[in-house]
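Engineer: With the input below, show me the fold.
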Amino acid sequence: MRRRGFPYSALLRIGVVANLGLGLVVLVGLRPAGWSGWLQLGTGAFCCLIAGWIAAAGWSMSYWNRSMARQVATWRRIADTFCAWVEEVPVPTEALHQLKSSLEEAVSTGRT
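Structural biologist: Residues are numbered from 1 along each chain as shown. Coordinates of the predicted model:
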């Protein structure tokens, strides 16, 4: 289970570090003078960190949503093919009732 979240967390961390690095490069170019300037630099760096975190999370969520939509579409095509095949084959009524109850049980267990 731990392995599933790896790509998401790795991409999120890479995006945050890249954004923080780019933000610091830009902010250091301001050449802060005194503690007030360094405080402003730190605040800017923190803002870059937050912005990077949000941007990386948004991109990653979008990517995984597209991947999931492709998987759902693929499985729907498989299920449609299977259902069309079952409709063409003469199947005993008992077997159809058993299939229906198995599907209802699978759907109800998937929701909890």
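Engineer: just how off-centre is the longest helix belonging to the chain within its chain?
Structural biologist: The single longest helix within the chain, with elements called by DSSP state H, is helix 34-88. For helix 34-88, the separation from the chain centroid amounts to 4 Å (computed by Cα atoms, centre = their mean, to the nearest Å).
Engineer: Go through stretch 33-43 and flag the buried ones.
Structural biologist: residue 41 (16 or more other Cβ atoms under 10 Å). C-beta: built from backbone N, CA, C; applies to glycine.
Engineer: any idea how far residue 41 lies from residue 54?
Structural biologist: As for residue 41, its distance to residue 54 is 21 Å (criterion: Cβ to Cβ, to the nearest Å).
Engineer: try residue 36
Structural biologist: Counting by Cβ to Cβ, the gap from residue 36 to residue 54 is 27 Å.
Engineer: coming back round to it: tell me the helices and strands packed up against the longest helix of the chain.
Structural biologist: helix 6-28 (3 or more Cβ pairs under 8 Å, 6 or more residues apart in numbering; DSSP states H and E).
Engineer: low-confidence ranges in this structure?
Structural biologist: Counting by pLDDT under 70, the ranges of the chain that qualify are 1-6, 8-9, 110-112.
Engineer: does residue 31 sit in a helix, a strand or a coil?
Structural biologist: coil (DSSP: H, G, I helix; E, B strand; the rest coil).
Engineer: Pull the number of nearby residues for it.
Structural biologist: Residue 31: 8 surrounding residues under other Cβ atoms under 10 Å.
Engineer: now residue 67
Structural biologist: Residue 67, neighbours per other Cβ under 10 Å, totals 10.
Engineer: can you check residue 88 too?
Structural biologist: Neighbours around residue 88, by other Cβ under 10 Å: 8.
Engineer: Brilliant, that's me finished.
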